[in-house]
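**Student:** Structure, please.
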Amino acid sequence: MTDPNVQPFQPTTDFTRVDALDRLYTIGAYGPWAGARIPDAPGSLSWRNDRFSDLEAWRTTARDQVLARLAQPDLGRAAGPSNTQYPNTLYDVRVDATSEFDGLHLEELSWQLPYGPRTQALLLKPQNHDTQHADPLPAVLALHCHSGMKAFGVEKITRTAQPQHPMMEMLQQRAYGGRAWANALAKRGYVVLVADAFAFGSRRVRVDQVPEAVRDGIATDDISTLESAEAYNAWAGSHEAVMAKALFSAGTTWPGVFSAEDQAALDVLCARPDVDASRVGCGGLSGGGLRTVMLAGLDDRVRCAVCMGMMTTWRDYAINRCHTHTWMCYVPGLPPELDYPEILGLRAPLPTLVQNNREDALFTLPEMDRAVDMLTQVYAKAGAPDAFAAQTYPGPHKFNLDMQADAFAWFDRWLLA
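**Tutor:** Predicted coordinates:
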């Protein structure tokens, strides 16, 4: 059945409109045509579109269409009883180990989704928090980055008493100011959960489980050394196209899969007795920022969101920078209906912070600024201009200590009060 609120896409023929953005396009002479398919005017499901005036009615219509485009896999979430035990029974959540480290209590968790290997996760909270007698704490679902490193997930933004893999030490130095930011946030009084995303870490594709024809000469899943991890990551990068084709053929999408799995992780977090489910946030850099856009835009349990280094427009992806990005980004059919930043805008008027880096090679600055303008308009029309903020920093793609300080202050403002 066709939704009468979703208007059919009418392509423009004004191909010259995008010529001023870049003289060279990632798809050559087809660039102006592709860019012109994404109109300057608000899309058919944009809150900025004058035909929408009822915020809740618009959100319902737009979210339903986004979910239809995402084609999320069924994780059985809707069938579970509405009680705090439901994630444990639905996903077989286990506490595999506990430890204390640097003032924090750590729990190594795992759970089983309907497909693939068990998801491994790490939960961090202040060491002195007494679950039985103390008030529940605010919580953040911390979403790890992509970084071309599918061999790892949780380890990218956490630290434990175990020695760091040299690749993770290098990543944290380069992208995170040498800090495990999930640990730093937990020390401020939060329960922080970090879980391996689809196709990363414990959820990664194993070489010995694919046909020889798809192995491209790689012979082992060993990632114990820097060299072996680099070899796996190179193979996993090339395998992304195979995975994306398979997901499309299976009737789903990559963002549909990871957004459903992130909602499952949110189920686990919100069900914990040491968590105040009315004060839960999420955030992440790069691939974690992409996951923030989807999760925070779709799920109002996320009361506060911070998108770090992953804010631009569909036009930027289409004609300027798709070669710098993962297959995880794309939602077929959605661009003429709702621009990329407006997926995050589906959460308005809930608090949202966007952090961009001025010299970030993954995006063009005009389109980063244009995305921020869209979200500013969305929040202004929603009557909540103070609930949206955007910060731009000098330098390349990163979430350094200055950015962390500002992001943590945003979480504190909306979740600790």
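
**Student:** Pull up the per-residue confidence for residue 199.
**Tutor:** Turning to residue 199, the model gives it a pLDDT of 97.

**Student:** from memory it sits against residue 151, does it?
**Tutor:** No: with contact defined as Cβ atoms under 8 Å, residue 199 does not count as touching residue 151 (10.7 Å). All C-beta spots, glycine's among them, are computed from the backbone N, C-alpha and C.

**Student:** what sits in contact with each of the two?
**Tutor:** Residues touching both residue 199 and residue 151 (Cβ atoms under 8 Å, 6 or more residues apart in numbering) are residue 236.

**Student:** For residue 94, which non-adjacent residue is spatially closest?
**Tutor:** Spatial nearest neighbour of residue 94, excluding adjacent residues (Cβ to Cβ, 6 or more residues apart in numbering): residue 110 at 5.3 Å.

**Student:** Secondary structure element holding the one you found?
**Tutor:** strand 104-111 (DSSP states H and E).

**Student:** Run through who's touching that strand.
**Tutor:** With Cβ under 8 Å, 6+ apart as the criterion, strand 104-111 contacts 87, 91-100, 118-127, 129, 160, 183, 186-187, 193, 195, 202, 264, 268.

**Student:** sec struct for residue 48, please.
**Tutor:** coil (DSSP: H, G, I helix; E, B strand; the rest coil).

**Student:** Which stretches in the chain count as helices?
**Tutor:** Listed in chain order, the helices of the chain (DSSP state H) span 31-36, 55-70, 86-91, 166-175, 181-186, 226-249, 254-270, 287-298, 314-315, 340-345, 365-381, 401-411.

**Student:** Residue 238 contacts residue 217, doesn't it?
**Tutor:** No: assessed by Cβ under 8 Å, residue 238 is found out of contact with residue 217, at 10.8 Å.

**Student:** Have a look at those two and say which one is more surrounded.
**Tutor:** Counted by other Cβ atoms under 10 Å, residue 238 and residue 217 do not tie: residue 238 has more neighbours, with 11 against 7.

**Student:** Per-residue pLDDT of the spatially closest residue to that one that is not a sequence neighbour, please?
**Tutor:** Sequence neighbours aside, residue 216 is the residue nearest to residue 238 in space, at 6.3 Å (criterion: Cβ to Cβ, 6+ apart). pLDDT, residue 216: 87.

**Student:** cool, and residue 132?
**Tutor:** 68.

**Student:** on that earlier part again, check the contacts of strand 104-111 for burial and list the buried ones.
**Tutor:** 87, 91, 93, 118-126, 129, 160, 183, 186-187, 193, 195, 202, 264, 268 (16 or more other Cβ atoms under 10 Å).

**Student:** Which of those residues fall in strands?
**Tutor:** 119, 120, 121, 122, 123, 124, 125, 126, 193, 195 (DSSP state E).

**Student:** And the residues you listed, which two are furthest apart?
**Tutor:** Considering Cβ to Cβ, no two members of those lie farther apart than 119 and 126, which are separated by 24.3 Å.

**Student:** My guess is residue 72 contacts residue 257. True?
**Tutor:** Yes: between residue 72 and residue 257 there is a contact at 7.2 Å, judged by Cβ under 8 Å.

**Student:** Compare neighbour counts for those two and give me the winner.
**Tutor:** Each of residue 72 and residue 257 has its neighbours counted (other Cβ under 10 Å); residue 257 has more, 25 against 20.

**Student:** quick one: least confident helix or strand in the chain?
**Tutor:** helix 86-91 (a mean of 85; mean pLDDT, DSSP states H and E).

**Student:** Alpha carbons of it, in PDB - could you do that?
**Tutor:** C-alpha atoms of helix 86-91 as PDB (Å, rounded to 0.1, in the frame of the first residue of the first chain):
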ATOM      1  CA  TYR A  86      13.000  -9.400  28.700                       C
ATOM      2  CA  PRO A  87      16.500  -8.600  27.100                       C
ATOM      3  CA  ASN A  88      18.100 -11.300  29.200                       C
ATOM      4  CA  THR A  89      15.600 -14.000  28.200                       C
ATOM      5  CA  LEU A  90      15.400 -12.800  24.500                       C
ATOM      6  CA  TYR A  91      19.100 -12.400  23.900                       C
END
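
**Student:** how about the helices of the chain, which one is nearest residue 277?
**Tutor:** Across the helices of the chain, closest to residue 277 is helix 254-270 (Cβ to Cβ), at 4.2 Å.

**Student:** between that closest one and strand 119-126, how big is the angle?
**Tutor:** Note on geometry: by axes from the mean of the first three to the mean of the last three Cα atoms, to 10 degrees, helix 254-270 and strand 119-126 are set 40 degrees apart in direction.

**Student:** Distance from the chain centre to helix 254-270, please.
**Tutor:** 10 Å (Cα atoms, centre = their mean, to the nearest Å).

**Student:** report the angle between the axes of it and helix 226-249?
**Tutor:** Using the same axes, to 10 degrees: helix 254-270 against helix 226-249 is 110 degrees.

**Student:** can I get the helices of the chain in TSV with distance to residue 395?
**Tutor:** Output for the helices of the chain, formatted as TSV (distance: least, Cβ to Cβ, whole Å):
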stretch	distance to residue 395
helix 31-36	28
helix 55-70	32
helix 86-91	39
helix 166-175	11
helix 181-186	17
helix 226-249	24
helix 254-270	27
helix 287-298	16
helix 314-315	24
helix 340-345	22
helix 365-381	13
helix 401-411	10
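
**Student:** Let's see the pLDDT reported for the residue nearest to residue 94.
**Tutor:** 98.

**Student:** sorry, back to before: got the angle for the strand holding residue 110 vs helix 254-270?
**Tutor:** Using the same axes, to 10 degrees: strand 104-111 against helix 254-270 is 130 degrees.

**Student:** Residue ranges in the stretch 1-150 of the chain under the pLDDT threshold?
**Tutor:** 1-23, 78-85, 132-133 (pLDDT under 70).

**Student:** Try it again at 80.
**Tutor:** Across the stretch 1-150 of the chain, the ranges flagged by pLDDT under 80 are 1-23, 39, 77-86, 130-133.
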